[in-house]
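# got a structure for you, letters missing:
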């Protein structure tokens, strides 16, 4: 590397240049996957027995630690958030039960217990616990391979969801058993601190899997949108298309129009929020508004008399114990279903596929393998930095506020899409706190991938530095200046690094 300096009176500055793009073959030859599991007992070594017991209790029951810092203000905020989420969870959980081909009431029951359990064992304030679309769909697909979900008029199991009130009890009880073992597997992973296993799944593989699942979920939900009574329980595209074509006589335009109106409303709200931050709450409250307006519209107009099907009434009270219905002879088959469902993760945007292709072709190959069907190392830095900043913000208000965060990138030899997403999340979090992110000493491989993913364009080249020392000098002058954030571009007019 050659560095040209633009000599000034106060310092020597240089500008970081973007390296040329490398061929995919060169990338493939330079990748050496090296992964290591985090030692789950590292925090316990070298501690006294009393401290070890305390750490063990905090590790298994985090509520014991954070409840000591809980306040009435936090309780008030949590109460408001809980009421808001609960109003959305009701229709959402009903739909999740349908994805698993189970009675709708079990969707509500499944969302009741997990939040209480997670409040004792969980550590994340942002994580939503309960049934999710992908797991519900996967569970339904796996269960239907063992038992048929419905019964016809003669009590014979069938694949077609024509007689939805006549559920196959074997199917429902097998779902209870599989869910029970899924919970046991996840509990074991938590107790033995085996969460690092998820790190072996790259961002690309998860995006591909979620992309395929999104298409399947959309196809399975067409039944309610077009008003069909006879519809396949299979999740593959061929079965869905054949079911739609074979029962066109059951199409209900009233249901279709009503569904499209509120679907269009949600899409418009989401689009407006992306274009203008002023409409953020418009998009955030969109699902709740849709639920309230649709329920009120059906109630006032009585449109359900005109071939618009509604969920109907539910039995009051808590459900009875299902433990007595467990058939332990099916344990082996249930464990197979539970093991798959326990390791499924969620929360990926399909739009990330395009970004992965532009950033790293090898990651995109992994994506396609998951989409139609392991993995690359990542840089998980966001959690550590955000946690440190949260602690800094709790210090004395008289101290100088944090205005800049400089990441020393020299230890990072390579980065994949997971690491880039972590940097983007970190940048967004810091921006909300009015803190500027800067990168110091990134190598050519990292810099090239950051440039291809458009991260450097979002960050700004003025926040790239050859060394941590240069970043410190520039940031120090900006902190002292009256217009720190606006002066950044003029501070770096040096020569280039190649």
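Right, received. Where do you want to start? Small disclaimer: the values here were computed from a predicted structure and weren't measured.
# Tell me where the stretch 101-250 of the chain has strands.
In the stretch 101-250 of the chain, the segments counted as strands under DSSP state E, counting those that start in this stretch are 150-151, 157-158.
# among the ones you listed, which gets the worst mean confidence?
For these, the weakest mean pLDDT is recorded on strand 157-158, namely a mean of 65.
# for the stretch 251-400 of the chain, what spans make up the helices?
253-275, 280-284, 286-301, 331-342, 352-359, 361-372, 382-393 (DSSP state H, counting those that start in this stretch).
# Oh, that last question was meant for the stretch 51-200 of the chain, not what I typed.
Ranges of helices in the stretch 51-200 of the chain, per DSSP H, counting those that start in this stretch, are 63-66, 72-99, 104-110, 113-121, 133-144, 169-191.
# Pick the most buried one from those helices.
Ranked by mean neighbour count under mean count of other C-beta atoms under 10 Å, these are led by helix 133-144, which reaches a mean of 22. C-beta coordinates here come from the backbone N, C-alpha and C atoms, glycine included.
# Quick check: which of the helices of the stretch 51-200 of the chain is nearest to residue 292?
Of all the helices of the stretch 51-200 of the chain, it is helix 72-99 that lies closest to residue 292, at 8.0 Å by C-beta to C-beta.
# Now do that closest one against helix 113-121, angle only.
Per axes from the mean of the first three to the mean of the last three C-alpha atoms, to 10 degrees, the angle that helix 72-99 makes with helix 113-121 is 140 degrees.
# pLDDT on helix 72-99, on average?
82.
# angle of it against helix 286-301?
Using the same axes, to 10 degrees: helix 72-99 against helix 286-301 is 60 degrees.
# Who are the packing partners of helix 72-99?
With contacts taken as 3 or more C-beta pairs under 8 Å, 6 or more residues apart in numbering; DSSP states H and E, helix 72-99 sits against helix 104-110, helix 133-144, helix 203-220, helix 286-301.
# would you turn these into CSV with mean pLDDT?
Converted to CSV, the helices and strands packed on helix 72-99 look like this (pLDDT from 0 to 100):
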stretch, mean pLDDT
helix 104-110, 84
helix 133-144, 81
helix 203-220, 66
helix 286-301, 82
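# Could you export these as a markdown table, including distance to residue 238?
Converted to a markdown table, those look like this (distance: least, C-beta to C-beta, whole Å):
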| stretch | distance to residue 238 |
| --- | --- |
| helix 104-110 | 27 |
| helix 133-144 | 14 |
| helix 203-220 | 10 |
| helix 286-301 | 31 |
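# Which one of these lies nearest to residue 257?
helix 286-301 (11.7 Å).
# And the closest one, what's buried?
286, 287, 290, 291, 294 (16 or more other C-beta atoms under 10 Å).
# Summarise which helices and strands it is packed against.
helix 72-99, helix 253-275.
# Report the mean per-residue pLDDT for the last one.
Just to be clear, that refers to helix 253-275. According to the model, helix 253-275 has a mean pLDDT of 86.
# Give me the buried stretch members for it, please.
Counting neighbours by 16+ other C-beta under 10 Å, helix 253-275 gives 255, 258, 259, 262, 265, 269, 273 as buried.
# Which residue, other than its chain neighbours, is closest to residue 244?
Leaving out its chain neighbours, the residue that sits closest to residue 244 by C-beta to C-beta, 6 or more residues apart in numbering is residue 222, at 6.7 Å.
# ok so, going back, can you tell which of the helices and strands packed on helix 286-301 is closest to residue 406?
helix 253-275 (29.7 Å).
# hmm, who's touching the closest one?
Helix 253-275 has contacts (C-beta atoms under 8 Å, 6 or more residues apart in numbering) with 224-227, 279-280, 282-284, 286-287, 289-290, 293-294, 297, 303, 306-309.
# Please repeat the previous calculation with a cut-off of 7 Å.
The contact list for helix 253-275 (C-beta atoms under 7 Å, 6 or more residues apart in numbering) reads 225-227, 279-280, 282-283, 286-287, 290, 294, 303, 306-308.
# Would you mind measuring from residue 303 to residue 479?
From residue 303 across to residue 479, the span is 62 Å (C-beta to C-beta, to the nearest Å).
# now swap in residue 140 and tell me
Distance from residue 140 to residue 479, by C-beta to C-beta: 56 Å.
# Could you do residue 333 as well?
Residue 333 is 63 Å from residue 479, by C-beta to C-beta.
# now residue 461
Distance from residue 461 to residue 479, by C-beta to C-beta: 20 Å.
# cool, and residue 225?
The value you get for residue 225 to residue 479, if C-beta to C-beta is used, is 55 Å.
# So which of those two has more stuff around it?
Neighbours per residue, other C-beta atoms under 10 Å: of residue 225 and residue 479, the larger number sits with residue 225, 15 against 12.
# Check the gap between that one and residue 309 for me.
Residue 225 sits 11 Å away from residue 309, going by C-beta to C-beta.
# cool, and residue 460?
53 Å.
# Between the two, which has more neighbouring residues?
residue 460 (14 against 11).
# who's in contact with residue 439?
407, 409, 463, 464.
# So for residue 384, what's the pLDDT?
So, for residue 384, pLDDT stands at 48.
# Nearest residue to residue 227 in space, please, no chain neighbours.
Per C-beta to C-beta, 6+ apart, closest to residue 227 is residue 252, 3.0 Å.
# same question, residue 284
residue 273 (7.7 Å).
# separation between that neighbour and residue 281?
Counting by C-beta to C-beta - residue 273 and residue 281 are separated by 8 Å.
# Check residue 64 too.
Distance from residue 64 to residue 281, counting by C-beta to C-beta: 36 Å.
# likewise residue 332?
50 Å.
# between these two, who's got more neighbours?
Remark: of residue 332 and residue 281, residue 281 carries more neighbours, 11 against 7, as counted by other C-beta under 10 Å.
# Local confidence estimate at the more buried one?
Taking residue 281 on its own, its pLDDT is 75.
# Is residue 402 located within a strand, as I assumed?
No: using DSSP: H, G, I helix; E, B strand; the rest coil, the secondary structure at residue 402 is coil, not a strand.
# that older thread, will you turn the helices and strands packed on helix 286-301 into CSV that also has distance to residue 420?
Converted to CSV, the helices and strands packed on helix 286-301 look like this (distance: least, C-beta to C-beta, whole Å):
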stretch, distance to residue 420
helix 72-99, 30
helix 253-275, 20
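# Nearest to residue 239 among these would be which one?
Across these, closest to residue 239 is helix 72-99 (C-beta to C-beta), at 14.9 Å.
# Next, the angle helix 133-144 makes with that closest one.
40 degrees.
# helix or strand for residue 448, which one?
helix 444-452 (DSSP states H and E).
# thinking again about what came up before, quickly note the distance from the residue nearest to residue 284 to residue 283.
Distance from residue 273 to residue 283, by C-beta to C-beta: 3 Å.
# just residue 229 next, same as before
In terms of C-beta to C-beta, residue 229 sits 34 Å off from residue 283.
# what about the two, which has more around it?
residue 283 (17 against 14).
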